[in-house]
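Novice: Mind folding the following:
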Amino acid sequence: MKKMIMALAGLCTLFSCIKNNDLEYDLIECEVLEFKVEGQVSSFISKASRTVTVTMPANTDFTQLTVAQFAITPKAVSSLDIKPGTVLDLSQPLSFTLHVRESYEWTLIAKADAPRPATGAQLYNMSFDDWSMDGKTWNCFADDATDEQKTIWGTANSSLTQFGKDNSTVPVDDFVAVSGEGKRAVKMTTRLLDFFILKKLAAGSIFTGRLGDISFTTLNADLHWGVPFTDRPVSLEGYASYKPATINKAEDPYKDRMGQMDTGHIMVLLTDWAEPFKVNAPATLVDIDNDPAIIGYGKVVFDKATEKYEPFSLKIDYRSERTPKYVVIVASSSALGDYFTGGDGSELCLDELSFKYE
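Specialist: All right, here's what the predicted structure looks like:
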């Protein structure tokens, strides 16, 4: 009996060791972090499908593509010897394996860029010249704007003025990129505001879409991103001036940004969502990397102070040849404003936006 107990104890110890061995390391999911080919139009890494799609100019020889950049998860081993200068045949999808304890199959895909028209659609009031006031709230459309024109540009201004606060997004006529009669620009300012017993950061922003419901308990508002749009521009161009402040309000997961310099940004999405996307930050945001409805995407970050306007060009990288249904343009004086993180006083001015098609 004593021997049987000792044997059972030994088995328990053995099984315990096996279990501990199984759990002695954390699972590391191997990923492609960067992949670019010389002469490419764009490249897109999908972590969800473990694919890398490279778009090349028409008439490219897909059997002779030279790698410009390639990076994978640290310590991962690739079954293919890929490095800058490697020539790949991507006339067919090319699969390979990344391994760190576990193996993950990734696929490289090359496709030809879709033909683009020399000209295409623009949106109403991309010059930001047209503004009107409703009570104390600034709106980015003219007094005589049509009902359709009133739906193009949205701000959070009315959610602030309802609480007795100043507009965070306003027109300016004394600081414009292109001078002339009736010329204006848009100025967005981040402010740290007192709401009853709370201090809440409100980033200045403008977006294509409309402001939805406002919560008086959470002090949040729904933003309906996207307006109808079916063209495929190559880029968004315009003029910007940025004056960042030091981040003095930060919330999870960006509390470590306290004391750093703020950044602003402007972003473009072309999608085929069934309807405009309802954002309610920070709980509900667009998954930029993995949303399958995103057809094209691009972003420019403003991280330096400028005393005057500087031109910018935001290149749109396409992930699909599908026809868009909606376009989203979003700009903010604090890039992490969705997470109520930014610098009180950060200021972003934009002027004379336009889509380019060649």
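Novice: Quote the end-to-end distance of stretch 37-57.
Specialist: 11 Å (C-alpha to C-alpha, to the nearest Å).
Novice: meant to ask about stretch 127-144, not that
Specialist: 17 Å.
Novice: next one: stretch 255-273
Specialist: By C-alpha to C-alpha, the extent of stretch 255-273 from end to end equals 33 Å.
Novice: buried set for that stretch?
Specialist: Within stretch 255-273, the residues that count as buried by 16 or more other C-beta atoms under 10 Å are 257, 262-271, 273. Glycine gets a C-beta too; all of them are placed from N, C-alpha and C.
Novice: okay, the residues you listed in JSON lines with pLDDT and secondary structure next?
Specialist: Shown next, in JSON lines, are these (pLDDT from 0 to 100; DSSP: H, G, I helix; E, B strand; the rest coil):
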{"residue": "Arg257", "pLDDT": "96", "secondary structure": "helix"}
{"residue": "Asp262", "pLDDT": "98", "secondary structure": "coil"}
{"residue": "Thr263", "pLDDT": "98", "secondary structure": "coil"}
{"residue": "Gly264", "pLDDT": "98", "secondary structure": "strand"}
{"residue": "His265", "pLDDT": "98", "secondary structure": "strand"}
{"residue": "Ile266", "pLDDT": "98", "secondary structure": "strand"}
{"residue": "Met267", "pLDDT": "98", "secondary structure": "strand"}
{"residue": "Val268", "pLDDT": "98", "secondary structure": "strand"}
{"residue": "Leu269", "pLDDT": "98", "secondary structure": "strand"}
{"residue": "Leu270", "pLDDT": "98", "secondary structure": "strand"}
{"residue": "Thr271", "pLDDT": "98", "secondary structure": "strand"}
{"residue": "Trp273", "pLDDT": "98", "secondary structure": "coil"}
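Novice: pLDDT (mean, whole number) over stretch 56-76?
Specialist: Averaged across stretch 56-76, the pLDDT comes to 93.
Novice: swap in stretch 142-156?
Specialist: On average, stretch 142-156 scores 96.
Novice: Any chance you could list what contacts that stretch?
Specialist: The contact list for stretch 142-156, computed with C-beta atoms under 8 Å, 6 or more residues apart in numbering, reads 123-125, 130-132, 138-141, 167-169, 202, 205-211, 221, 223-224, 227.
Novice: In strands only, show me those.
Specialist: Counting by DSSP state E, the contacts of stretch 142-156 place 132, 138-139, 169, 202, 205-211, 221, 223-224, 227 in strands.
Novice: if we can go back for a sec, and which of the buried residues of stretch 255-273 is nearest Gly180?
Specialist: Closest to Gly180 out of these is Ile266 (23.1 Å), distances taken as C-beta to C-beta.
Novice: so that closest one makes contact with Ile329?
Specialist: Yes - applying C-beta atoms under 8 Å, one finds Ile266 in contact with Ile329, separated by 7.1 Å.
Novice: Quick one: end-to-end distance for stretch 283-297.
Specialist: Start and end residues of stretch 283-297 are separated by 22 Å (C-alpha to C-alpha).
Novice: hmm, back to that, can you work out which residues contact both of Ile266 and Ile329?
Specialist: Shared contacts of Ile266 and Ile329, defined by C-beta under 8 Å, 6+ apart, comprise Leu236.
Novice: who's in contact with the nearest residue to Ser320 once chain neighbours are set aside?
Specialist: The spatially closest residue to Ser320, leaving aside those adjacent along the chain, is Ile295, at 4.9 Å (C-beta to C-beta, 6 or more residues apart in numbering). Applying C-beta under 8 Å, 6+ apart, we find Ile295 in contact with 232, 270-272, 318-320, 322-324.
Novice: what do you get for Leu123?
Specialist: 152, 208, 227, 229, 327, 329, 355.
Novice: returning to what we had before: quick one, grab the pLDDT at the residue nearest to Ser320.
Specialist: pLDDT at Ile295 comes out at 97.
Novice: Renumber starting at 9 from here on
Specialist: Sure thing, new numbering starts at 9, so read that last one as Ile303.
Novice: Let me know the distance separating it from Ile160.
Specialist: According to C-beta to C-beta, to the nearest Å, Ile303 stands 20 Å off from Ile160.
Novice: got it, and Val338?
Specialist: For Val338, the distance to Ile160 - C-beta to C-beta - is 13 Å.
Novice: same question, Lys251
Specialist: 27 Å.
Novice: Where does pLDDT dip in this protein?
Specialist: Judged by pLDDT under 70, the chain has its weakly predicted residues at 9-35, 203-205, 223-227.
Novice: leaving aside the residues next to it on the chain, what's closest to Gly246?
Specialist: Closest to Gly246 by C-beta to C-beta, 6+ apart is Leu361, at 4.0 Å.
Novice: partners of the helix or strand harbouring that neighbour in the sheet?
Specialist: If you go by DSSP states H and E, Leu361 is part of strand 355-364. Applying DSSP bridges, strand 355-364 is found paired with strand 193-197 (antiparallel), strand 243-251 (antiparallel).
Novice: if I look at the nearest residue to Ala313 once chain neighbours are set aside, how far off is Val338?
Specialist: Excluding the flanking residues, the one nearest Ala313 by C-beta to C-beta, 6+ apart is Lys251, at 5.5 Å. The gap separating Lys251 from Val338 is 19 Å, by C-beta to C-beta.
Novice: Quick check: Ser167 is in a helix.
Specialist: Yes - according to DSSP: H, G, I helix; E, B strand; the rest coil, Ser167 belongs to a helix.
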